[in-house]
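Participant: Have a look at this prediction, sequence included:
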Amino acid sequence: MRTRSATAAALLAAGVALAPATALAAPTPAPSPGATTVTKAGTSFLSATPVAAGQPVRVGASTGEYLYWSFPAAAGEIHEITSTVSLAQDRGGRSTWTVEVFDGLRRRQACTAGAQTPTADATARTVAIGCTLRRVRPWAEPWSGDPLPGTYYVRLAVVDVPEPDLGLPVDVDLLISTVGEAGSSSEDGTLAAPLVPPAKAGTVLGAEPTATPEGDEDDGGKVSLTGWLPEAGSRWIWTTAGGMLAALAGVVGFALTRRPTAR
């Protein structure tokens, strides 16, 4: 009995000792098999490079640049953003990097886990950045800042760096992975439309517009007065009527105040 109790106690102690190690050994996000690597990034929200979940990103940039990417998010999903920045060797001091996530209305979303704003020493060669978003909700009140389905934007930049280090080359590796599954939320209600900013581009002209020459003739051989006379409108009608009333009032006033001539 004593041997069995000692064995059980040893196994229990070993399990307790291994539990924290198992909890710390979280799986590392991996790119999707066969996914094409994205090799560019945008410089603003409007020029953000679209990226799919599980699609790796690797771009070369300069210290001080703002890098933008966009990705779609559906209700029930939890997105995890991991990035590694390879720094230049000859640097003058410490640098602080940050990754920020915005929803379709460009509202900044909070991170529930990850090193969102790490600081790299002058001797460090890489810096790891991470951000885990909240679960995307199918609907929410208009005044709340809860994550909703739509387009999301990722912005990576350096927020504190010595001035001599600005412009040094860096290599950025980024991966957006999906933890949850779309449609797994049990909340009632759905969003009427995804949060995508309205961007209606104008018509691109293929050639420069040509101005109509003055004195263009109509089919009847008469010179067109278009461009010489203003178009008839309410402003001109009221102006003409006002002028006529003012002239009439002047004549009536003159007739009433005129002195009779002496004979």
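Facilitator: In hand now; what should we look at? Note that the structure is a prediction, hence the values are computed from the model and not measured.
Participant: those strands in this protein, which residues are they?
Facilitator: In the chain, the strands defined using DSSP state E lie at 49-50, 57-62, 67-73, 79-86, 95-102, 108-109, 111-113, 119-120, 126-133, 150-160, 169-178.
Participant: Figure out which of those is closest to Gly34.
Facilitator: strand 169-178 (14.8 Å; C-beta to C-beta). (C-beta placed from N, C-alpha, C; glycine too.)
Participant: Tell me where the protein has helices.
Facilitator: 2-24, 234-257 (DSSP state H).
Participant: Report the separation between the nearest residue to His79 once chain neighbours are set aside and Ala113.
Facilitator: Distance criterion C-beta to C-beta, 6 or more residues apart in numbering; nearest residue to His79, sequence neighbours excluded, is Leu133 at 4.8 Å. Look at Leu133 and Ala113: by C-beta to C-beta, to the nearest Å, they are 9 Å apart.
Participant: Have a look at these two and say which one is more surrounded.
Facilitator: Leu133 (23 against 11; other C-beta atoms under 10 Å).
Participant: can you pull the pLDDT of that one?
Facilitator: If you check Leu133, the pLDDT there is 94.
Participant: Let me know whether it touches Pro147 as I believe.
Facilitator: Yes: using C-beta atoms under 8 Å, Leu133 is in contact with Pro147, at 6.2 Å.
Participant: picking up where we left off before, any idea which of the strands of the chain gets closest to Thr240?
Facilitator: strand 150-160 (54.4 Å).
Participant: quick one: the closest one to strand 67-73, angle?
Facilitator: Angle of strand 150-160 versus strand 67-73, following axes from the mean of the first three to the mean of the last three C-alpha atoms, to 10 degrees, is 150 degrees.
Participant: which stretch in the helices of the chain has the least confidence?
Facilitator: Among these, helix 2-24 scores lowest, with a mean of 43.
Participant: related to what we said a few turns ago, nearest to Met244 among the strands of the chain would be which one?
Facilitator: strand 150-160 (59.8 Å).
Participant: can you give me the angle the closest one makes with strand 95-102?
Facilitator: 160 degrees.
Participant: where does Ser32 land on pLDDT?
Facilitator: So, for Ser32, pLDDT stands at 75.
Participant: That one: what's its closest spatial neighbour, skipping adjacent residues?
Facilitator: Using C-beta to C-beta, 6+ apart and skipping residues adjacent in sequence, the residue nearest Ser32 is Gly54, 3.2 Å away.
Participant: give me every residue that touches that neighbour.
Facilitator: Counting by C-beta atoms under 8 Å, 6 or more residues apart in numbering, Gly54 touches 31-32, 35, 175-178.
Participant: neighbour-wise, which of the residues you listed leads?
Facilitator: Ile176 leads the contacts of Gly54 on contacts (other C-beta under 10 Å) with 26 neighbours.
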